[in-house]
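Engineer: just coords:
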Ligand code: GLY
């Protein structure tokens, strides 16, 4: 079997690594360059966001399955278009991808199906948003509607910050055409849990939980990133929370059915737990990054079989190992803002054989491996105990070198 994965980061690398463990998989292509591609994994040179180029390439190839990694092509309708061409593709159609692509759509869906979420108001102009602010008090959350590469959420501590955020969205249009409306929402305080689920038709099958570290600096300080570390399972998850979550999943299934939004793909639920009660912060309709790097190493079932079950609309038979997985992401100094790339990476060949390194942003050039992104490598270990996984990750990181490398030293400490 030959598989194309659209995307080329560490999430896609982890998916490809897991798929390659199935003996029936002959080749896994990345649509564009992943510096970790070896063995069955092979790089193409197709732009990840260019559906027409991907369609044209597929028309001349015998590829059995396409898996979509990032959100932008999903939101652009790549699944609808490839399905129309008769290609077997894993991911939501454009209509369902709106659960991630429009925050207002997602909030309306949650409200309609009685799914717990922070109270909110959708505003389509600067003046409407300014007028709505007094209903919420401070802190308040302001979200630009649309896909904003993880940067469209403002947590505003006071009126001045809220007005600044609205100015950036409506007047400066920092998210270009994405800022035409905002969701203003009540601020919730607690801990977050990532719950990825397979969607098979309108049925939802949860993975084990994970906890993402989003801030760039130790102690959860500094700007948000795409995620700089992750552990699975989430150590704060309890049987009582699982029971609440299961009830929420049944409501989501009802909504998917009633709104005709069923698909074969992933639904990633961002939960916030406040005072023992679960609320949904957001939906994503794809695998999470870095969640995938810690969930797939713990997946005991066969990923390809699970995907095929979802594509057939059958129950997805997921099974997880009873252990802990942790990843710490090595980044280029300056990330998530301006940073330099192109530095040689050494030391990967000195790591113990059970350390998994998924490539976020690297490039093979002239026999060397170079840094090629803000997030560079996800250094990952699986052990029976979190403390052992932590030790294995940080001992391994000491052996990896590239100029301008930095990383958080507190991933896997669970004081929050
Ligand atoms: N870890 C959050 C995301 O994938 O969007």
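Structural biologist: Happy to help now that I have it. The shown structure was predicted, so the numbers you read here are calculated from the model rather than taken from an experiment.
Engineer: what parts of this structure come near the ligand?
Structural biologist: The interface of the chain toward the ligand, taken as CB under 6 Å from any ligand atom, is made up of 212, 227, 284, 288, 289, 291. C-beta coordinates here come from the backbone N, C-alpha and C atoms, glycine included.
Engineer: hmm, which of those are the buried ones?
Structural biologist: Buried subset of the residues of the chain next to the ligand (neighbour count, 16 or more other CB atoms under 10 Å): 212, 227, 284, 288, 289, 291.
Engineer: need the next SSE after the strand or helix carrying the first one, C-terminal direction.
Structural biologist: So the one you mean is residue 212. Using DSSP states H and E, residue 212 sits in strand 203-217. Past strand 203-217, heading to the C-terminal end, the next element that is a helix or strand (DSSP H and E) is strand 221-232.
Engineer: just checking: what are the partner strands of that following strand?
Structural biologist: When pairing is defined by DSSP bridges, strand 221-232 lines up against strand 203-217 (antiparallel), strand 324-332 (antiparallel).
Engineer: the helix or strand following the last one packs against which elements?
Structural biologist: With elements assigned by DSSP H and E, the helix or strand that comes after strand 324-332 is strand 356-359. Here strand 356-359 touches helix 10-19, strand 375-383, going by 3 or more CB pairs under 8 Å, 6 or more residues apart in numbering; DSSP states H and E.
Engineer: what comes into contact with stretch 115-122?
Structural biologist: For stretch 115-122, contacts defined as CB atoms under 8 Å, 6 or more residues apart in numbering pick out 104, 107-111, 132, 135-136, 141, 145, 181-188, 248, 251-252, 255, 277-281.
Engineer: excluding chain neighbours, what is closest to residue 213?
Structural biologist: residue 229 (3.9 Å; CB to CB, 6 or more residues apart in numbering).
Engineer: mind listing what the one you found touches?
Structural biologist: Contacts of residue 229 by CB under 8 Å, 6+ apart are 212, 213, 290, 326, 327, 328, 329, 408, 411, 412.
Engineer: mind doing that once more with 6 Å?
Structural biologist: By CB atoms under 6 Å, 6 or more residues apart in numbering, residue 229 lies in contact with 213, 328, 408, 411.
Engineer: now for the helix or strand containing residue 184, which elements pack on it?
Structural biologist: Secondary-structure assignment from DSSP H and E places residue 184 in strand 182-186. Helices and strands touching strand 182-186, by 3 or more CB pairs under 6 Å, 6 or more residues apart in numbering; DSSP states H and E, are helix 103-112, strand 120-123, strand 140-144.
Engineer: redo that, cut-off 8 Å
Structural biologist: Short answer (3+ CB pairs under 8 Å, 6+ apart): strand 182-186 packs on helix 103-112, strand 120-123, helix 126-132, strand 140-144.
Engineer: need the winner for burial among the strands paired with strand 221-232.
Structural biologist: When the strands paired with strand 221-232 are scored by mean count of other CB atoms under 10 Å, the highest mean neighbour count falls to strand 324-332 (a mean of 27).
Engineer: rewinding a little: let's have the helices and strands packed on strand 182-186 in a markdown table, adding mean neighbour count and mean pLDDT.
Structural biologist: Formatted as a markdown table, these follow (neighbours: other CB atoms under 10 Å; pLDDT from 0 to 100):
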| stretch | mean neighbour count | mean pLDDT |
| --- | --- | --- |
| helix 103-112 | 20 | 96 |
| strand 120-123 | 20 | 94 |
| helix 126-132 | 16 | 95 |
| strand 140-144 | 24 | 94 |
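Engineer: for residue 96, find the nearest of the ones you listed.
Structural biologist: Closest approach to residue 96 among these (CB to CB): helix 103-112, 10.2 Å.
Engineer: who touches that closest one?
Structural biologist: By CB under 8 Å, 6+ apart, helix 103-112 touches 98-100, 115-117, 120, 122, 143-146, 152, 181, 183, 185, 255, 259, 280, 282-283.
Engineer: repeat for stretch 52-63
Structural biologist: Here stretch 52-63 has contacts from 2-4, 6, 29, 31, 44, 46-47, 66, 73, 78, 81-82, 85, 87, using CB under 8 Å, 6+ apart.
Engineer: buried stuff in it?
Structural biologist: Quick answer for stretch 52-63 (16+ other CB under 10 Å): 54, 55, 57, 58, 63.
Engineer: what about residue 119, neighbour count?
Structural biologist: Residue 119 has 12 neighbouring residues, counting by other CB atoms under 10 Å.
Engineer: can I get the buried part of the contacts of helix 103-112 as one PyMOL selection?
Structural biologist: Selecting only the buried entries of the contacts of helix 103-112 in PyMOL, with 16+ other CB under 10 Å as the criterion:
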select buried, resi 98+99+100+115+116+117+120+122+143+144+145+146+152+181+183+185+255+280+282+283
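Engineer: pull the residues that contact whatever helix or strand residue 73 lives in.
Structural biologist: In this assignment (DSSP H and E), residue 73 forms part of helix 71-75. Contacts to helix 71-75, defined as CB under 8 Å, 6+ apart, come from residues 6, 48-49, 51, 54, 68, 91-92, 94, 97-98, 100-101, 147, 284-286.
Engineer: about what we covered before: can you put the buried residues of stretch 52-63 in a markdown table and add secondary structure?
Structural biologist: Converted to a markdown table, the buried residues of stretch 52-63 look like this (DSSP: H, G, I helix; E, B strand; the rest coil):
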| residue | secondary structure |
| --- | --- |
| 54 | helix |
| 55 | helix |
| 57 | helix |
| 58 | helix |
| 63 | coil |
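Engineer: in the protein, which ranges drop under the pLDDT threshold?
Structural biologist: 177-179, 415-416 (pLDDT under 70).
Engineer: in it, which residue sits closest to the ligand?
Structural biologist: Here the chain gets closest to the ligand at one residue, residue 288, 3.6 Å apart by CB to the nearest ligand atom.
Engineer: ok, that residue touching residue 267?
Structural biologist: No: with contact defined as CB atoms under 8 Å, residue 288 does not reach residue 267; the gap is 10.7 Å.
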